[in-house]
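In: quick one: sequence and predicted model below, then my questions.
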Amino acid sequence: MTHRSQRWPVEFPIPRFTYNTELVLASGNEGFEKDGILLSPTAILPDVLEKLAETIFQNLADLNECTGQNSQIKTRGMLSVRNFHHICRRGVSSVWRGISGHAGQRLDIGGIYPPIATPFTQEGDIDYQSLDENLQKYDGIPFRGLVVQGSNGEYPYLTAEERVETVRRVRLALPKAKLVMAGSGCESTRATIQMSEHMATAGADCVLVVTPCFYHGRMSSRALIHHYIQVADSSPVPVILYNVPANTFVDLPVDAVIHLSQHPNIVGIKDSGGDITRIGLIVHKTKSQDFQVLAGSAGFLMAAYSVGAAGGVCALANVLGQQVCELAHLCTSGEWDKAKDLQYRLIEPNTAVTRKFGVPGLKQAMEWFGYHGGKCRCPLQTLSQADLEELRADFSSNGWL
């Protein structure tokens, strides 16, 4: 009688992984460290499982070849490696979010973030060297993190590859303790899910998802809730809602925000509308959900803190980062009189680099304060001489130039 092992001459080697990972603790969250970068398990495990799947499928193919048509083990009809990878990534993300949620480890996004600008070369390509020099200067300012590929990063004018590569480079340059909040919003839900996955792979700690707006007349609460739930269900990292009605003509309804705050992977909102009563209502209605509100402008930062906001994403922080962080500190310390005096001096410069002159104004102001701003991508144009003089006056009249 033939021994069974002689009938099955195929070996099944255990796959070897080359991640050289080490389990570490950082800010109370478990993760993996690779090449000096802290990664969540959602960024590592799907790739490990994909490698395992490739090995299994290859071994099964070898087995079929050795045993011929009489083999009872067939690979026909099985999942492809690509589909297996997709399922693993979503599955592991869901499991990890569930574990983190039960452990009370929801991401704390409180603090100040500059939505960093994207510098360009004279040829119109992204100037990564200038970006890196800006990041080195920001390192000395007590930011909670950086928003990469937000509105001030000119993300609508960048290719998908450029958006992801910028996030990857910022993550490599930024200290681990500082968060990378990456803008991943696209017009379709499908594209937003894919971009969020790419941003997570590039090293983003969380994603900032702007409201879809091209068909703004049909962006009802129902449509937006469905969109964000689909994105949050699939995202490997936490999601922050982004409401910027001045740009999108879509004002994310409060009832939708309250509903979405209950999702375990939606941890906050950046609200740039400037309606303090709305911000206060959102804080009040979501306080039981551990949901955080970030003011979307330095112009109403103190007012937002007074009704319970946890921080701000402020364009002016690209220029006056230390001063915006000081305002946040005064508010959280209860020094409201000092905070009020500083807030007054930030209102006009903030308006100048946002509503009045936009990204071209912000980039020009960055140049005056020792950062690399430079030109914008077309169709955005540089400021006229009259605009430059008015911009300078908005800073100098408040003692900043």
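Out: In hand now; what should we look at?

In: state the distance from the closest residue to K285 other than its chain neighbours to I282.
Out: Distances taken as Cβ to Cβ, 6 or more residues apart in numbering place I258 nearest to K285, at 4.9 Å, with adjacent residues excluded. The way it works is simple: take the backbone N, C-alpha and C, and place the C-beta from them, glycine included. Remark: distance between I258 and I282 (Cβ to Cβ, to the nearest Å) = 7 Å.

In: got the contact list for stretch 385-395?
Out: When contacts are taken as Cβ atoms under 8 Å, 6 or more residues apart in numbering, the neighbours of stretch 385-395 outside the stretch itself are 348-349, 351-353, 356-357, 361, 364-365, 368, 383, 401.

In: buried ones among those residues?
Out: Burial of the contacts of stretch 385-395 was assessed by neighbour count (16 or more other Cβ atoms under 10 Å); the buried members are 348-349, 351-353, 357, 361, 364-365, 368, 383.

In: the stretch 101-250 of the chain: strands as residue ranges?
Out: Ranges of strands within the stretch 101-250 of the chain are 111-113, 145-148, 179-183, 206-210, 239-243, based on DSSP state E, counting those that start in this stretch.

In: packing partners of the shortest one?
Out: Contacts defined by 3 or more Cβ pairs under 8 Å, 6 or more residues apart in numbering; DSSP states H and E place strand 111-113 against strand 145-148, strand 311-313, helix 321-332.

In: winner for burial among these?
Out: Stretch with highest mean neighbour count among the helices and strands packed on strand 111-113: strand 311-313 (a mean of 30; mean count of other Cβ atoms under 10 Å).

In: quick one: contacts of that strand?
Out: Applying Cβ under 8 Å, 6+ apart, the set of residues contacting strand 311-313 from outside is 109-115, 144, 147, 150, 181, 208, 270, 272, 292, 294-298, 301, 304, 324, 328.

In: pull out the buried residues from those residues.
Out: Of those, these count as buried by 16+ other Cβ under 10 Å: 109, 111-115, 144, 147, 150, 181, 208, 270, 272, 292, 294-298, 301, 304, 324, 328.

In: got phi/psi on A295?
Out: Listed backbone geometry of A295 is phi -70, psi 140, with angles given as degrees, to the nearest 10.

In: roughly how far does it sit from S396?
Out: To S396, A295 is 25 Å away according to Cβ to Cβ.

In: again, but for P379
Out: In this structure, P379 lies at 30 Å from S396, with Cβ to Cβ as the measure.

In: so which of these two has more stuff around it?
Out: Neighbour comparison, P379 and S396: the larger count goes to S396, with 12 against 6 (by other Cβ atoms under 10 Å).

In: okay, I258 and I282: which has more neighbours?
Out: Using other Cβ under 10 Å as the criterion, I258 and I282 rank with I282 on top: 26 against 16.

In: for the more buried one, what are its contacts?
Out: Under the criterion of Cβ under 8 Å, 6+ apart, the contact partners of I282 comprise 254, 257-258, 269, 271, 293.

In: in strands only, show me the residues you listed.
Out: Helix and strand membership here follows DSSP state E; of the contacts of I282, those in strands are 269, 271, 293.

In: select only the buried ones of the residues you listed in PyMOL?
Out: A single PyMOL command selects the buried members of the ones in strands among the contacts of I282 (16+ other Cβ under 10 Å):
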select buried, resi 269+271+293
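
In: export the ones in strands among the contacts of I282 as CSV, with columns for distance to M195.
Out: Formatted as CSV, the ones in strands among the contacts of I282 follow (distance: Cβ to Cβ, whole Å):
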residue, distance to M195
I269, 19
D271, 22
V293, 24
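
In: closest one of the ones in strands among the contacts of I282 to G373?
Out: Using Cβ to Cβ, D271 is the member of the ones in strands among the contacts of I282 that lies nearest G373, at 25.8 Å.

In: what's the closest non-adjacent residue to the closest one?
Out: With sequence-adjacent residues excluded and distances taken as Cβ to Cβ, 6+ apart, D271 is closest to N243, at 4.8 Å.

In: surely that neighbour is in contact with D275?
Out: No: taking Cβ atoms under 8 Å as the definition, N243 is not a contact partner of D275, at 9.9 Å.

In: for the two, work out which one has more neighbours and name it.
Out: Between N243 and D275, N243 has the larger neighbour count (other Cβ under 10 Å), namely 24 against 15.
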